[in-house]
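Engineer: Pasting the sequence and the predicted coordinates here, then a few questions.
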Amino acid sequence: MLALRGPSAQVAGGNVETGVASRLTLARQDEQLDEQTRRFREQALKAMGIDEGDRNFGCEVPVEAQAYWWHNRYAPRKPKYFNRIHTGYEWNKYNQTHYDTENPPPKVVQGYKFNIFYPDLLDRSEPPTYRVEADPNGSRDTCILVFSAGPPYEDIAFRIVNKEWETTQRRGFKCTYDRGILHLYFNFKRARYRR
């Protein structure tokens with residue numbers, strides 16, 4: 001005999017149609033959520049553009065559990081995000097001498113593009129913020145990038161490469177909060193070879 005599990009499974013003598021109706025309701029809610037997520041991804045992709053060296057990035061780091069002042073009124077939840085990592089070749093003097101286009105050097109991280117989705121932010125006058133913290137593991141090669149917004153969203157953190165950022169708009173830096181989406185794009189400074 002086959003046992004049914006999930007929302008359509010009912011206790012003996014129960015109504016199967018009720019299970020089907022609740023499953024359809026759940027499916028509709030999932031479609032609405034998926035539609036919202038799909039629109040968010042489309043907006044993020046449109047804002048980021050498509051580059052050959054971009055890869056998806058989702059290296060989320062757990063943040064210390066904390067009690068928010070608003071946790072009694074609103075259920076804290078993590079925001080959705082769509083991030084990209086920009087990689088490429090670094091053609092410095094060493095790599096130019098030891099590599100060529102047929103045998104390229106290893107790819108290195110050149111920057112990041114973060115899109116954090118805050119559609120239900122209660123206080124829209126106060127934009128979300130970010131901060132860079134030292135890696136708790138003690139590694140000097142990486143650091144923690146923490147995004148904070150306010151109710152009803154929890155803080156979210158990512159482990160990134162610890163290099164100096166280019167902060168000019170001409171070099172690709174962007175930090176805007178528009179239509180419920182925080183965009184943070186930055187590239188790393190390139191070290192110029194000097195004798």
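Structural biologist: Perfect, thanks for sending it.

Engineer: got the residue ranges for the strands in this protein?
Structural biologist: 54-57, 60-61, 80-88, 108-117, 129-134, 142-148, 156-161, 174-178, 181-187 (DSSP state E).

Engineer: Count the neighbours of residue 87 for me.
Structural biologist: Using other CB atoms under 10 Å, residue 87 has 17 other residues around it. From N, CA and C alone the C-beta is placed, and that goes for glycine too.

Engineer: Next: residue 35.
Structural biologist: Residue 35: 10 neighbours (other CB under 10 Å).

Engineer: Can you give me the distance of it to residue 42?
Structural biologist: 11 Å (CB to CB, to the nearest Å).

Engineer: in terms of contact, does residue 147 touch residue 183 like I think?
Structural biologist: No: in this structure, residue 147 is not within contact of residue 183 by CB atoms under 8 Å, at 11.5 Å.

Engineer: any low-confidence regions in this protein?
Structural biologist: 1-34, 36-37, 40-41, 43-59, 63-74, 193-195 (pLDDT under 70).

Engineer: For it, which segments are assigned as helices?
Structural biologist: 16-48, 93-98 (DSSP state H).

Engineer: Next, residue 140: phi, psi?
Structural biologist: phi -90, psi -10 (degrees, to the nearest 10).

Engineer: before we move on, back to that, residue 147 and residue 183: which has the busier surroundings?
Structural biologist: Shown here are residue 147 and residue 183; by other CB under 10 Å, residue 147 has more neighbours (22 against 17).

Engineer: what sits against the more buried one?
Structural biologist: Counting by CB atoms under 8 Å, 6 or more residues apart in numbering, residue 147 touches 79, 114, 116, 128-130, 155-157, 182, 184.

Engineer: Now with 7 Å, please.
Structural biologist: 116, 128, 130, 155-156, 182 (CB atoms under 7 Å, 6 or more residues apart in numbering).

Engineer: wait, which of these is closest to residue 189?
Structural biologist: residue 130 (18.4 Å; CB to CB).

Engineer: my guess is that closest one contacts residue 149, does it?
Structural biologist: No: using CB atoms under 7 Å, residue 130 makes no contact with residue 149, being 9.9 Å away.

Engineer: between those two, who's got more neighbours?
Structural biologist: residue 149 (22 against 18).

Engineer: Surely the more buried one is in contact with residue 127?
Structural biologist: No: with contact defined as CB under 7 Å, residue 149 does not count as touching residue 127 (8.3 Å).

Engineer: And stretch 120-132, what's buried?
Structural biologist: Using 16 or more other CB atoms under 10 Å as the test for burial, stretch 120-132 gives 121, 128, 130.

Engineer: same question, stretch 99-108
Structural biologist: Buried residues in stretch 99-108 (16+ other CB under 10 Å): none.

Engineer: Check the burial of residue 112 by counting its neighbours.
Structural biologist: So residue 112, with other CB under 10 Å, has 21 neighbours.
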